[in-house]
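>>> I would like the atomic coordinates for the input below:
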Amino acid sequence: MDSSVTVIGLGRFGLALARELTGYGVEVFGIDNDEKLLREHSTDCTDFAVADTSDPQALRQLGVDEARCVVIGIGSDLESSILTASNVVEFGVPNIWAKADSDAHARILTQIGVHHVLRPERDTGRRVAHLLGGRFENFAEVDSDFGMIKMSTPSILSGKTIDVDRLWSNRRVHIVAVKSTGQGWRPFTPDTQLTVSDLIVIGGSPTRLEEFAQRPAQ
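Predicted structure coming up:
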């Protein structure tokens, strides 16, 4: 994790991020154009400044051009988000993250050179949908076509040797790790004997994981 992060735009997303980062001991430089907001939440950042971030000169005066990691939390103001991101990209900041509120917004941010585009509302919605719609105890999306779930071991997989190649060939999922009662997590190996009291982590596409959770037979 970077030892210092510049967070531009301290709305709900930016403030939540700043709090978490400072909690981990990361120095957070918060920038927003709302002076009242910054005063109210000054303790959530190591340092902060009021500025129009669409102005490249204002960002240079604050040293953003020398930052190693910048997160742009501006979402609803599309013009400000794009202009700010364009400025940061032109500075050559090596690690740029930005929040997008729509597919079009995300596409533009990607096209101008933002390294990581975040869709927090959409991603949270997807995660909750998978948790509500399936038998997952937890779901994490690694990429648009790959995620991991935690679930109890289906009875069909209990007490027998699992053919991992066949499981992947037939269901396009693979078992990553297992946790037995009273033990910690450990890597799953082909000779692992699962029981119905075990928890397992399984990887695959969200669709395949949902299908497996509903019909776990090999």
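>>> By mean pLDDT, point me to the weakest helix or strand of this protein.
helix 120-133 (a mean of 60; mean pLDDT, DSSP states H and E).
>>> Can you show me the helices along the chain?
12-23, 35-40, 56-61, 78-91, 103-112, 120-133, 164-171, 206-214 (DSSP state H).
>>> buried set for the fourth one?
Neighbour-count burial for helix 78-91 flags 80-89, 91 (criterion: 16 or more other Cβ atoms under 10 Å). Yep, even glycine has a C-beta here, placed from its N, CA and C like the rest.
>>> which outside residues touch it?
Helix 78-91 is contacted by residues 8-9, 53-56, 59-60, 64-65, 67, 70, 72, 74-75, 96, 98-101, 105, 108-109, 112-114 when judged by Cβ atoms under 8 Å, 6 or more residues apart in numbering.
>>> do the third one as well
With contacts defined as Cβ under 8 Å, 6+ apart, helix 56-61 is touched by 31, 51-53, 65, 84, 87-88, 90-91.
>>> rewinding a little: out of the buried residues of helix 78-91, which comes closest to Glu210?
Comparing those against Glu210 with Cβ to Cβ places Ser81 closest, at 32.9 Å.
>>> if you average pLDDT over stretch 15-23, what comes out?
Here stretch 15-23 scores 89 as its mean pLDDT.
>>> With stretch 138-155 instead?
For stretch 138-155, mean pLDDT rounds to 79.
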